[in-house]
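Visitor: quick one, structure for this:
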Amino acid sequence: MTESRFNDKGKSVYDFLLKSDGILIECPYCLKCAKGIRTQNTDFEYKLSCSRCGILTNATAGSSGYGTFMGINLWLKTNCCGNLLWAYNKEHLDFLDNYITSSLRERIPNRNQSLASRLPEWIKSRKNREELAKGIEKLRSRIEQCK
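Guide: Model prediction:
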């Protein structure tokens, strides 16, 4: 069996929020996949656009919770292991997949702000790997619906 390795590069959740290709959200109008894309001048203003219904609106980042962004449902979320598994975009999902499937997880010492250090125990637990892998695949299939 090949040993897979996760190397923590110190990325924070904000690294995925600020990606230029945006955050995948559920359009509040047609309930299809839409995007929230950060405007160039600020980290707190986003353009929300849906190619299905044509909505284009500005939003200011406010409260975000598990499975939401600015009060709008994330597109990439599913129930898993009795919890909510969610990701902002494909890169965030790839990060989670790499972490979950790795047999060896190496962290940068003294980097308590990294996403890897902040993951909940149910994601870190070896006993949940199989169910988490199924959840990741379910979310990957949702990405296909965004094209």
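Visitor: pairing partners for the strand or helix carrying residue 78, with directions?
Guide: Secondary structure assignment for residue 78, by DSSP states H and E: strand 76-80. Note on strand 76-80: by DSSP bridges, its sheet partners are strand 83-87 (antiparallel).
Visitor: run the chain-centre distance for the helix or strand of the chain with the lowest mean pLDDT.
Guide: In the chain, no helix or strand scores lower on mean pLDDT, DSSP states H and E than strand 56-60, which sits at a mean of 79. Computed by CA atoms, centre = their mean, to the nearest Å, the separation of strand 56-60 from the middle of its chain amounts to 20 Å.
Visitor: and it, what does it pack onto?
Guide: If you count contacts as 3 or more CB pairs under 8 Å, 6 or more residues apart in numbering; DSSP states H and E, strand 56-60 packs onto strand 45-49. C-betas here are computed from N, CA, C, even on glycine.
Visitor: ok, residues contacting the strand it packs on?
Guide: Here strand 45-49 makes contact (CB atoms under 8 Å, 6 or more residues apart in numbering) with 22-23, 25, 27, 34-39, 55-61, 70, 72.
Visitor: select only the buried ones of these in ChimeraX?
Guide: This is the ChimeraX syntax for the buried subset of the contacts of strand 45-49, where burial follows 16 or more other CB atoms under 10 Å:
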select :22,23,25,27,34,35,36,38,59,61,70,72
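Visitor: list the contacts of the least confident helix or strand of the chain.
Guide: Here strand 56-60 has contacts from 36, 39, 44, 45, 46, 47, 48, 49, 50, 70, 72, using CB under 8 Å, 6+ apart.
Visitor: immediately after the helix or strand harbouring residue 95, which helix or strand?
Guide: Using DSSP H and E, residue 95 falls within helix 90-101. Downstream of helix 90-101, the first helix or strand assigned by DSSP H and E is strand 104-106.
Visitor: surely residue 53 forms part of a strand?
Guide: No: secondary structure of residue 53 (DSSP: H, G, I helix; E, B strand; the rest coil): coil, not part of a strand.
Visitor: count of neighbours near it?
Guide: The tally of other residues near residue 53 (other CB atoms under 10 Å) stands at 14.
Visitor: check it and give its pLDDT.
Guide: Per-residue pLDDT puts residue 53 at 92.
Visitor: that one touches residue 28, doesn't it?
Guide: No: Residue 53 is not in contact with residue 28 according to CB atoms under 8 Å; the separation is 9.9 Å.
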